[in-house]
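A.B. asks: For reference, the sequence and a predicted model appear below.
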Amino acid sequence: MIVLTGVVWYAAGYILGGPVFGYFFVGRHHEPWLRRHHLLLYESEYFLSRPGFPKSITWRFFQTFSIFLLFGSTIAYLFPSAGQRTPASETGPFVYAGLTAILVVMPLVALLWLYEDSGLRNYRKDNDTIIRVGTLFEQLLFGSGALSAFYRLVTSLAAPTAEVVGWVIALFVILPSMCFLLTLSFHEISQHELVNRVLSVASASNFPQREIRLV
């Protein structure tokens, strides 16, 4: 599973990294549609600063784990198995939905990591601030939503407390280890090559570059 997921994440970055960068950040073809629907209310500029890799992948590991918890818990809660909700009956839907999210949603999150490490930043003219691309998306997705969804699922289970607690402990032993290995292997094996591909597209497009200095 880890190998398959790593291949999917890498393929998404390899195939989509350049075209998505060109469409959204060079051509900015999506912005007229956003403005027509009043979803973009400020002027901004994209530019590249110095590329760099995170000193720690802890936050990105939590993002991967949050994706699994959020989608696994939500799907399992909304579409329960037939009969009484128990840890045994909900394990299958929870795990399958979480793994599906890891294969489908996480490649999009990995694209945000890729652009962040490439040095892509957004300058907002309305409040004179510079933010990482995807900051708002991360705040919405990785806030308390994952834990709230998991808590809702756990409290809906009709089983003795000891059984539910044991189920939760088992999940929190197995799943974080898997998510950490996925996140680590992606950064160790793929990220450097994918960043260079994005930078080559930026160079060919004469994409703006700036130095960021703290004052």
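C.D. replies: Arrived safely.

A.B. asks: give the contact list for the residue lying closest to residue 25 once chain neighbours are set aside.
C.D. replies: In this structure, residue 25 finds its nearest non-sequential neighbour in residue 46, 4.7 Å apart by C-beta to C-beta, 6 or more residues apart in numbering. Yep, even glycine has a C-beta here, placed from its N, CA and C like the rest. By C-beta atoms under 8 Å, 6 or more residues apart in numbering, the contact set of residue 46 is 25, 28, 120, 121, 122, 123, 133, 207, 208.

A.B. asks: longest helix anywhere in the chain?
C.D. replies: helix 161-185 (DSSP state H).

A.B. asks: Which secondary structure elements does that one sit against?
C.D. replies: Using 3 or more C-beta pairs under 8 Å, 6 or more residues apart in numbering; DSSP states H and E, the elements in contact with helix 161-185 are helix 2-20, helix 58-78, helix 87-104.

A.B. asks: CSV for these, including mean pLDDT?
C.D. replies: Shown next, in CSV, are the helices and strands packed on helix 161-185 (pLDDT from 0 to 100):
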stretch, mean pLDDT
helix 2-20, 90
helix 58-78, 92
helix 87-104, 93
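
A.B. asks: Ok, which of the ones you listed comes nearest residue 192?
C.D. replies: Closest of the helices and strands packed on helix 161-185 to residue 192 is helix 2-20, at 11.2 Å (criterion: C-beta to C-beta).

A.B. asks: what comes into contact with that closest one?
C.D. replies: 102-103, 106-108, 110-111, 114, 178, 181-182, 185-186, 189-190, 194, 197-198, 200-201.

A.B. asks: Let's see that with 10 Å instead.
C.D. replies: 23, 26, 64, 99, 102-104, 106-111, 113-115, 118, 178-179, 181-183, 185-186, 189-191, 193-195, 197-198, 200-202, 204-205 (C-beta atoms under 10 Å, 6 or more residues apart in numbering).

A.B. asks: repeat for stretch 162-178
C.D. replies: By C-beta under 10 Å, 6+ apart, the list of residues contacting stretch 162-178 reads 1-2, 5, 61-62, 64-65, 68-69, 72, 86-88, 90-91, 94-95, 98-99, 102, 150, 153-155, 157-160.

A.B. asks: rerun at 6 Å
C.D. replies: Residues outside stretch 162-178 that contact it (C-beta atoms under 6 Å, 6 or more residues apart in numbering) are 65, 87, 157.

A.B. asks: one step back: now the buried members of the contacts of residue 46.
C.D. replies: 25, 120, 121, 122, 123, 133, 207 (16 or more other C-beta atoms under 10 Å).

A.B. asks: Can you pick out the ones from these that are in strands?
C.D. replies: Members of those lying in strands (criterion: DSSP state E): 120, 121, 122, 123.

A.B. asks: Which of the contacts of helix 2-20 are buried? Put it as a PyMOL command.
C.D. replies: Entered in PyMOL, the line below selects the buried ones among these, by 16+ other C-beta under 10 Å:
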select buried, resi 26+64+99+102+106+107+109+110+111+113+114+115+118+178+179+181+182+183+185+186+190+191+194+195+197+198+201+202
